[in-house]
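Q: give me the fold of what follows.
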Amino acid sequence: MDLNLSGKKFFVTGVASGIGHATAELLIRAGAEVVGADRAELSKPLPLAAFHHLDLSDPALIDRAVAAAGDGYDALINVAGVSSLASTDMQFRVNFLGTRHLTLAMVPRLKAQSAVFNVASSTAVRWEQHLDRFTPLVETKSFEEGLQWLKANPQESPISYAWSKEALIIWTMKTALEWIGTGRRLNALSPGLTYTPMHAEFVQAHGEALLKKDAERTGDAGRAEDVAKALVLLQHDYAAWWNAANINVDGGFSASVLLAKENFGDV
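A: The predicted model follows:
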């Protein structure tokens, strides 16, 4: 397979470190032009075409970043997010509402034939069981309306991170179906436990024993490059029929949970 992406332009969030940084690096190696965005500064050098400060918790700041981003993009890759160490409010603001707001704001800046990939999480493995729970949130029309729904329907829980990613997966699939015929495709990609700077935050939030158990399901946690390679492969023309999907890149974690019929991530 020829992974020459010369002539293609990507907007990638979360490029400061981890999966976002690895994805941007691989895209650039394949010849693509990459515009990156993050709330933090780059942890190590990256030859981006441009870098924009992006705070997904605030729609006004999102709009400012989008206005500076230009247009002509072949794909938007939403990697940026916060861990379960953040407050429940911040998890939903960033992982769902902010990602949704950015995606919709970027649509006019995407080419006629283009793609969007939202990085979710394999902790959201039971998203289908929670369709009724989160569809009302997904169907809110704005960032502020979403906040109002969350205020009326508190989601405080040790697994609220997973829930924020479930909402993202559900929205991704529903919106992808609405986009059919537009030339744009939309998918979610759910990584398993991955060694990134965010890994330490999950250990702090949930304890080393739980993270070790999750890593043992697949032999070990993955690396940022493992997930990034999947994201880059999906940019190839061969992936053009991939749409409205949640793609697990987790070394078998989701299968381990579902086939064992465990209560992981359930209410």
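Q: mind checking the end-to-end distance for stretch 8-24?
A: End-to-end distance for stretch 8-24: 13 Å, by Cα to Cα, to the nearest Å.
Q: tell me the buried residues in it?
A: Under the neighbour-count criterion of 16 or more other Cβ atoms under 10 Å, stretch 8-24 has 8-24 buried. Glycine gets a C-beta too; all of them are placed from N, C-alpha and C.
Q: list the residues that contact the spatially closest residue to residue 224 that is not a sequence neighbour.
A: Leaving aside its chain neighbours, residue 224 sits nearest to residue 22 (4.1 Å; criterion: Cβ to Cβ, 6 or more residues apart in numbering). Applying Cβ atoms under 8 Å, 6 or more residues apart in numbering to residue 22 gives the contacts 224, 225, 227, 228.
Q: run the chain-centre distance for the helix or strand harbouring residue 22.
A: Element membership of residue 22, judged by DSSP states H and E, is helix 18-29. For helix 18-29, the separation from the chain centroid amounts to 14 Å (computed by Cα atoms, centre = their mean, to the nearest Å).
Q: quick one: contacts of the helix or strand harbouring residue 145?
A: In the assignment (DSSP H and E), residue 145 maps to helix 143-152. With contact meaning Cβ under 8 Å, 6+ apart, helix 143-152 is reached by 59, 89, 92, 93, 96, 97, 98, 100, 101, 136, 137, 140.
Q: where's the last one relative to residue 243, distance?
A: Read it as residue 140. According to Cβ to Cβ, to the nearest Å, residue 140 and residue 243 sit 24 Å apart.
Q: then the first one?
A: Between residue 59 and residue 243 the computed distance is 27 Å (Cβ to Cβ).
Q: what about those two, which has more around it?
A: Between residue 59 and residue 243, counted using other Cβ atoms under 10 Å, the more crowded position is residue 59 (20 against 16).
Q: what about the nearest residue to the more buried one once chain neighbours are set aside, neighbour count?
A: Spatially, and ignoring its direct neighbours in sequence, residue 59 is nearest to residue 143 (4.3 Å; Cβ to Cβ, 6+ apart). Other residues near residue 143 number 21, with proximity taken as other Cβ under 10 Å.
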